[in-house]
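Chemist: Any chance you can model this:
(2 chains)
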Number of protein chains: 2
Amino acid sequence: MPLDEVELRGARLKVPASLGDLFSDDHYERTAHALGKAYRDVVRGFRGEFENPPDLVAFPKDESEIEVVLSWAEAEGAAVIPFGGGTSVVGGVEARLGDRPVVSMDLRRLDRVLEVDAESLAARIQAGATGPGLEDQLREHGLTLRHFPQSFEYSTLGGWVATRAGGHFATLYTHIDDLVESVRAITPRGTWESRRLPGSGAGPSPDRALIGSEGILGVIAEAWVRVRPRPQFKTSCGVEFDDFLAAAGAVREISQSGLYPSNCRLLDALEADTTGAGSGEKHLLVLGFESPHLPVDEPMRLALEIARHHGGDPGDTRASGPTGRNRVDMSRSRPIGPESESGGAVESWRGAFLLAPYLRDTFVACGVLSETFETAITWDRFEEFHAETTAAVRAKVAEVCGVPAEGDGAHRVSCRFTHVYPDGPAPYFTVLAPAIRGGEVEQWDEIKAAAGEAVIEGGGTITHHHAVGRDHRPWYDRQRPAPFAAALRAAKAELDPAGMLNPGVLIDP
Amino acid sequence: MPLDEVELRGARLKVPASLGDLFSDDHYERTAHALGKAYRDVVRGFRGEFENPPDLVAFPKDESEIEVVLSWAEAEGAAVIPFGGGTSVVGGVEARLGDRPVVSMDLRRLDRVLEVDAESLAARIQAGATGPGLEDQLREHGLTLRHFPQSFEYSTLGGWVATRAGGHFATLYTHIDDLVESVRAITPRGTWESRRLPGSGAGPSPDRALIGSEGILGVIAEAWVRVRPRPQFKTSCGVEFDDFLAAAGAVREISQSGLYPSNCRLLDALEADTTGAGSGEKHLLVLGFESPHLPVDEPMRLALEIARHHGGDPGDTRASGPTGRNRVDMSRSRPIGPESESGGAVESWRGAFLLAPYLRDTFVACGVLSETFETAITWDRFEEFHAETTAAVRAKVAEVCGVPAEGDGAHRVSCRFTHVYPDGPAPYFTVLAPAIRGGEVEQWDEIKAAAGEAVIEGGGTITHHHAVGRDHRPWYDRQRPAPFAAALRAAKAELDPAGMLNPGVLIDP
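Modeler: Prediction:
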């Protein structure tokens, strides 16, 4: 639907005359800040259904302007939703707040790398810096954050911290949590700034209290994050398996080996087929190691030995390094993804991984219902969890989309591991099914509910790195310890007595 | 002073008749639970000064008894101080509470490894299990937690979680935080239990909110922790340096290399001399790698290459493994320390490390004032921080102990790194000086204050792994973000409205 045909509810707030530069009630801006990027958002966007547009959009350019927006909104009784790249797939930026007026606070003007400490390998970066924006600035120093979520092109450092985003590294530095050295946030009751510390044992971590707070405690303004020199040594290899559980066993042993591969993604045969990384016959383990300074051939050799022991059939190992034959030019800026490598299955997977979010629009246009959900589970429960979750979701897809539950290829529920830990994997499920036109949102909601139910009943987390937002609330509420919820509610009431910051996310207003 | 000559304030609580097995007002128990293990505690203990004994000591044997103790104490208006091994060096278990009656809750009866998940490499362990106690139970499964604080013999899993204890691993798994999979705690408002998850992104981590809470939010009853097979491959090497900052440079490069040594302790020459690990002429870097399954020669080779590049002079590398010449018998139980290895400087350091806490008593008896303080700091600030902190503490020691500030060996302020991160080290300072008899506590307090001031002014954390307790409060209060303190206070008020749990620790009652 063309933008000028979109009808929005009238704005219930007026741009204050003295703050005209800071706020906008522009039709385009209100529309652009009304939804996230979940399938249910894209469907509604296609239909022109923007039920909950913000009344105003604010564009602060520094912390004092963040404070001005908060003060003004508090006085107006308005809610404020911090907005980074708007790539939430869990309703994290949509103002489902009934009659309460809403300001969407877009942080795009805070987009700078402010300081680089090349000795400690850390950088102070503003919350609104996007993936490519901050990588471009770090590249001038020969450094990189190497945090590459699928939303990399649009999403922001502040959004990553607020939602505990998952990134490039399959082991060790799986979440932005592990890369944060300190955080600075503006709360309605003052500035929350932690010290830059490599490690600490002084009380519960103040950073961990903000990381994952999804905008309900304060507006993240900047963070010191751990960066690193760009990798000079890289090696990758695709390993095929006939049996998925045998492949999972290989991943388990590798995750417990202390080798810490940077990439350790297992794609089941269906997922490998969907992404074009495989023929659909074999399960594919994508292994990679990288280092700024040191050769990585030996850890790859050991990891492949483990994979073979579990029945894996490794393809060619592709290596690049200062003396290698395929030296990669690290200085080249890339428009979408973090980096590209040439080479077979690994490259096919990487390309598909980076394109997946962009395909969502195409799927919607073609009438393909798509849903992804992700979790983490301990190894002892994985086999049963995987079987039961897949079965539950397939059954629900069959029911709501009117297709057979088994076998004819009319729908797909596939699985990959995005990250792995010594105690368990982070499985990521992709659902593709023929939508029944007109009922896409309801069909998606039912499938989402079946998935959430299966994940929580099976012992997983409702999200490993997509966040809770509003869409995951029913299951998050069952997952978290009740006294923790009470403590979080009390903490929020203390810092945000007006309950203005992203109400409805994580806890009830 | 003999126990029967110790005079304690009369107990202000009576053992409830119906709960006689649960509580004790025994003279020995009240004395034994009156103090921690800081120098100022040992001095007062020697003098028979037990100013703040608990009125009763409770020994719950399960969670229902923890709840009974909390309910009873709340009704009596009493405070409750959770007590693990009693090894706090920061006043964490001493009831400095004026007129308020106090129950010390000793968790020693909850000392079991309840479950072992050999597939996920995790174990469910009760809070009162001591280091040797839980390692003995894990050994039956061929597993180990490998968390070895200096207090290992007495301290407990619950105490480690409550205080964010630092352990064996110099990199990656530096704190118990990194080994916790889930926690179960009893709060006055219900049970706080998180799911066993290898990773999660569902809101701020509930575990991280409990880890480091030092008993103010709830009584930790048990935790699932990540364990591992006992290491079969081990290698260690001592590297000597003429220049301390060059050695620190080597540690920095190793910490940023991705090699992740299990041991990477740098001792300055004075510390090496004090511990008998060196001649006092050279600074000593103790490097170690270990693995349950894989050879570790290659990472050691690469680390030593880095050390040499910074002017280091490696001694002999000592290796043990299934095919090595020095295979270590892993099944042998050891009374004090986690493990022993034969071999020169490394072994000398290890022996001294494990004995140090035991020497505190001897030092007190000999009139030697001893103090240790520890922190973490980013690499860019380390050189200046180290120089200024050392100078400030030396000046204060000279002033309060009446010795020259420089040079004659009458006192020592030495430094080692206990843990290292890519962005900075965790320096640990040891102060030895001739105490002026009768004024030891006041002298120690002044030196502690000078150290705290230097650490906070220099940008460090008031504690990397000794916790905050009561002794570190003045500097912790300056370190933490004010809105975080407000949030923590609100969370505590919600869970513990009577303010009964370890009042005065972390925040004011």
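Chemist: could you check whether the host helix or strand of A:Pro82 is close to chain B?
Modeler: In this assignment (DSSP states H and E), A:Pro82 forms part of strand A:79-83. No. Strand A:79-83 lies out of reach of chain B by CB under 8 Å from any CB of the partner chain, never closer than 15.4 Å. Every C-beta, even on glycine, is put in place using the N, C-alpha and C of the backbone.
Chemist: got the contact list for that strand?
Modeler: Strand A:79-83 is contacted by residues A:33, A:54, A:57-58, A:69-70, A:73, A:93, A:95, A:97, A:100-107, A:158, A:162, A:215, A:219-220, A:499-503 when judged by CB atoms under 8 Å, 6 or more residues apart in numbering or on different chains.
Chemist: Only C-alpha atoms, please: export that strand in PDB.
Modeler: What follows is strand A:79-83 as a C-alpha-only set of coordinates in PDB (Å, rounded to 0.1, in the frame of the first residue of the first chain):
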ATOM      1  CA  ALA A  79       5.000   6.500  27.300                       C
ATOM      2  CA  VAL A  80       8.400   6.400  25.600                       C
ATOM      3  CA  ILE A  81       9.600   3.600  23.500                       C
ATOM      4  CA  PRO A  82      13.300   3.600  22.800                       C
ATOM      5  CA  PHE A  83      13.900   2.700  19.100                       C
END
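Chemist: Helix or strand next in line after it, which one?
Modeler: By DSSP H and E, the next helix or strand past strand A:79-83 is strand A:102-106.
Chemist: Give the rounded mean pLDDT of that following strand.
Modeler: On average, the pLDDT along strand A:102-106 is 98.
Chemist: Which elements pack onto that strand?
Modeler: strand A:56-58, helix A:63-76, strand A:79-83 (3 or more CB pairs under 8 Å, 6 or more residues apart in numbering or on different chains; DSSP states H and E).
Chemist: one more time with 6 Å
Modeler: For strand A:102-106, the contact count by 3 or more CB pairs under 6 Å, 6 or more residues apart in numbering or on different chains; DSSP states H and E identifies strand A:56-58, strand A:79-83 as packing neighbours.
Chemist: re the thing from before, buried residues, the strand holding A:Pro82. List them.
Modeler: A:Ala79, A:Val80, A:Ile81, A:Pro82, A:Phe83 (16 or more other CB atoms under 10 Å in any protein chain shown).
Chemist: cool, stretch A:417-436 as well?
Modeler: Applying a neighbour-count criterion of 16+ other CB under 10 Å, one finds A:417-435 buried in stretch A:417-436.
Chemist: Tabulate the helices and strands packed on strand A:102-106 (TSV), appending distance to A:Arg195 and mean pLDDT.
Modeler: Below are the helices and strands packed on strand A:102-106 laid out as TSV (distance: least, CB to CB, whole Å; pLDDT from 0 to 100):
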stretch	distance to A:Arg195	mean pLDDT
strand A:56-58	29	98
strand A:79-83	23	98
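Chemist: can you redo these as a markdown table with distance to B:Ile456?
Modeler: A markdown table is the format used below for the helices and strands packed on strand A:102-106 (distance: least, CB to CB, whole Å):
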| stretch | distance to B:Ile456 |
| --- | --- |
| strand A:56-58 | 36 |
| strand A:79-83 | 31 |
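Chemist: Could you list the low-pLDDT ranges of the stretch 151-300 of chain A?
Modeler: Within the stretch 151-300 of chain A, the set of residues satisfying pLDDT under 70 is empty.
Chemist: where along it do the strands fall?
Modeler: A:180-187, A:190-193, A:219-226, A:228-229, A:233-241, A:263-267, A:283-291 (DSSP state E, counting those that start in this stretch).
Chemist: Give me the sheet partners of the fourth one and which way each runs.
Modeler: In other words, strand A:228-229. Paired neighbours of strand A:228-229 in the sheet (DSSP bridges): strand A:143-144 (antiparallel).
Chemist: Can you give me the neighbour number for A:Asp268?
Modeler: 27 (other CB atoms under 10 Å in any protein chain shown).
Chemist: ok, it touching A:Cys415?
Modeler: Yes. The pair A:Asp268 / A:Cys415 is scored as a contact, 4.9 Å apart, by CB atoms under 6 Å.
Chemist: isn't A:Cys237 right up against A:Thr317?
Modeler: Yes. With contact defined as CB under 6 Å, A:Cys237 reaches A:Thr317; the gap is 4.4 Å.
Chemist: and the stretch 401-509 of chain A, which of its residues are near chain B?
Modeler: Within the stretch 401-509 of chain A, the positions near chain B by CB under 6 Å from any CB of the partner chain are A:421-424, A:426, A:461-465, A:468, A:476, A:480-484, A:486-487, A:490-491, A:494-495, A:506.
Chemist: Show me where the stretch 251-400 of chain A has its helices.
Modeler: A:269-274, A:297-309, A:344-366, A:379-401 (DSSP state H, counting those that start in this stretch).
Chemist: could you say what helices and strands the first one packs with?
Modeler: Translated: helix A:269-274. Looks like helix A:269-274 contacts strand A:412-421 (3+ CB pairs under 6 Å, 6+ apart).
Chemist: Can you tell me what sits against the strand it packs on?
Modeler: With CB atoms under 6 Å, 6 or more residues apart in numbering or on different chains as the test, strand A:412-421 has contacts from A:170, A:174, A:251, A:255, A:264-268, A:270-271, A:274, A:390, A:393-394, A:425-432, B:198-199.
Chemist: Which SSE is immediately downstream of it?
Modeler: By DSSP H and E, the next helix or strand past strand A:412-421 is strand A:424-434.
Chemist: what does that next one rub up against?
Modeler: By CB under 6 Å, 6+ apart, strand A:424-434 touches A:368-374, A:376-379, A:397, A:401, A:411-419, A:464, B:120, B:198-199.
Chemist: cool, stretch A:86-95 as well?
Modeler: A:35-38, A:52, A:54, A:81, A:83, A:102, A:151, A:154-155, A:466-467, A:469-472.
Chemist: Alongside chain B, which residues does the stretch 101-250 of chain A contribute?
Modeler: Residues of the stretch 101-250 of chain A lying close to chain B (CB under 6 Å from any CB) are A:117, A:119-122, A:164, A:181, A:187, A:189-190, A:192-194, A:196-206, A:208-209, A:212-213, A:226.
Chemist: ChimeraX command for the buried members of these?
Modeler: Buried members of these, defined by 16+ other CB under 10 Å, are picked up in ChimeraX with:
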select /A:117,119,120,121,122,164,181,187,189,192,193,194,196,197,198,199,200,201,202,203,204,205,206,208,209,212,213,226
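Chemist: Quick check: the nearest residue to A:Ser213 once chain neighbours are set aside vs B:Ile125, distance?
Modeler: Nearest residue to A:Ser213 in three dimensions, chain neighbours excluded: B:Pro204, at 5.4 Å (CB to CB, 6 or more residues apart in numbering or on different chains). Distance check for B:Pro204 against B:Ile125: by CB to CB, to the nearest Å, it reads 25 Å.
Chemist: do A:Arg437 as well
Modeler: From A:Arg437 to B:Ile125 the distance is 55 Å (CB to CB).
Chemist: higher neighbour count, the two?
Modeler: Using other CB under 10 Å as the criterion, A:Arg437 and B:Ile125 rank with B:Ile125 on top: 27 against 7.
Chemist: bridging residues for the more buried one?
Modeler: The partner residues for B:Ile125, given DSSP bridges, come to B:Val113, B:Ala223.
Chemist: check contacts around it.
Modeler: B:Val113, B:Leu134, B:Leu157.
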